[in-house]
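K.L.:
would you be able to build a 3D model of this:
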Amino acid sequence: MKIMQEETEYINVYGARVHNLKNVDVQIPRNSLTVITGLSGSGKSSLAFDTIFAEGQRRYIETFSAYARNFLGNLERPDVDKITGLSPVISIEQKTTNKNPRSTVGTTTEVYDYLRLLFARAADAYSYQSGEKMVKYTEEQILDMILSEYKGKRIYILAPMVRSRKGHYKELFEQVRKKGYLYVRVDGEMKEALPGMRLDRYKNHDIEVVIDKLIVADKDDVRLKNSVSTAMRQGDGLLMVLDYESGEVRHYSKLLMDPVTGLSYKEPAPHNFSFNSPQGACPRCKGLGVVSMVDVDKVIPNRELSIHDGAIAPLGKYKNSMIFWQIAAILEKYEATLKTPVQDLPDEAIGSIPPRVIA
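P.N.:
Below is the predicted model of the structure:
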């Protein structure tokens, strides 16, 4: 088998004489990490910043229009015979002017701003639940799809109001009744919107308002058009169609929507892709990329001991103090005491120990 060896590209510097460089020739491989080392004053920064970076930046700015160059000013050509293989360059100095822990190479060079804009405007969205490409429809397209899929069938047109959120929603049901709607679909079950109606506030609920129930007939059916329009308005761009006979539900949306699960998003914006924004940051690490967690094995190095005998290393042996009283009260719920060996305690009991113990 014949092995083809790829030719390596280089950045070639000929006759560099910037500052204390004495007619230096250098060949640096591209697409690799190169470290320039040497004694203080040997010309490392003169080669990297004042020669290679300065020439790359000068060439890049020369591609701008004359109007743009008026604002940037003219850059002098470094004292060098020739540089070949050079691309537009980025230079990051060693000094730190920003103490923000979220600052990265992307944010410092502002490349990240362009990437966020690219993802928001040009990228295709895919559902994290089903992996399907997310779609969005116009009201006319939604009307055509309902006619083609449900013609001659009895359907319910629903407007989603709440999706997997906790609460009793007494006020929401009152608003629905005042708008003249008689029925709601709560957690998949049709119910009449009665005065004083409320749900279990500690459970997640899905609530849809029944906008209309009808038999799909003709595209020019004014009632169907009005119902679809009303459902879109009440559901903030979302609509659900329930087949009366099969009980199957389909989702339609003016927004980005997963056609399989009904998951929908608003139109993406650049801040949705920023770890500096609450809308884009990971809810677990808050955009830092690092999660601080307690190493239980270091807090409790010897599980054969009891808490009374010093199993919790930061606390030491038992003392007549508030924290030990709190732990004793917690252990009572698990039918244990401070003298019970930690290895005999359930994991839930250990997880219930107040976090300030670690501090």
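K.L.:
wait, Met161 touches Ala231, no?
P.N.:
No. Under the criterion of CB atoms under 8 Å, Met161 makes no contact with Ala231, lying 10.9 Å away. In short, each C-beta sits where N, CA and C put it, glycine included.
K.L.:
next, the buried residues of stretch 152-169.
P.N.:
Of the residues in stretch 152-169, Ile155, Tyr156, Ile157, Leu158, Ala159, Pro160, Met161, Val162, Gly167, Tyr169 count as buried by neighbour count, 16 or more other CB atoms under 10 Å.
K.L.:
do stretch 247-266 as well
P.N.:
Going by 16+ other CB under 10 Å, stretch 247-266 has these buried residues: Arg250, His251, Tyr252, Ser253, Lys254, Leu256, Met257, Asp258, Pro259, Gly262, Leu263, Ser264.
K.L.:
sec struct for Gln343, please.
P.N.:
At Gln343 the chain is in helix, as set by DSSP: H, G, I helix; E, B strand; the rest coil.
K.L.:
my bad, Arg116
P.N.:
Under three-state DSSP, Arg116 comes out as helix.
K.L.:
give me the distance between it and Phe273.
P.N.:
Distance of Arg116 to Phe273, computed by CB to CB, to the nearest Å: 4 Å.
K.L.:
please, where are all the strands along the stretch 51-200 of the chain?
P.N.:
With strands called from DSSP state E, counting those that start in this stretch, the stretch 51-200 of the chain shows them at 82-84, 154-166, 183-186, 189-192.
K.L.:
strands paired with the last one, and their directions?
P.N.:
Sheet pairing of strand 189-192 (DSSP bridges) gives strand 183-186 (antiparallel).
K.L.:
you'd agree Lys213 is in a helix?
P.N.:
No. Counting by three-state DSSP, Lys213 is not found in a helix; it is strand.
K.L.:
for stretch 35-49, buried residues please.
P.N.:
Buried residues in stretch 35-49 (16+ other CB under 10 Å): Gly43, Ser45, Ser46, Leu47, Ala48.
K.L.:
which SS state does the third one fall under?
P.N.:
So the one you mean is Ser46. helix.
K.L.:
the residue nearest to it when sequence neighbours are not counted sits in which helix or strand?
P.N.:
Counting by CB to CB, 6 or more residues apart in numbering, Ser46 lies nearest to His19, which is 4.2 Å off, once chain neighbours are set aside. Following DSSP states H and E, one finds His19 outside all helices and strands.
K.L.:
want to throw the strands of the stretch 51-200 of the chain into a markdown table with distance to Leu214?
P.N.:
Below are the strands of the stretch 51-200 of the chain laid out as a markdown table (distance: least, CB to CB, whole Å):
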| stretch | distance to Leu214 |
| --- | --- |
| strand 82-84 | 73 |
| strand 154-166 | 7 |
| strand 183-186 | 13 |
| strand 189-192 | 15 |
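K.L.:
all good on my end, thank you.
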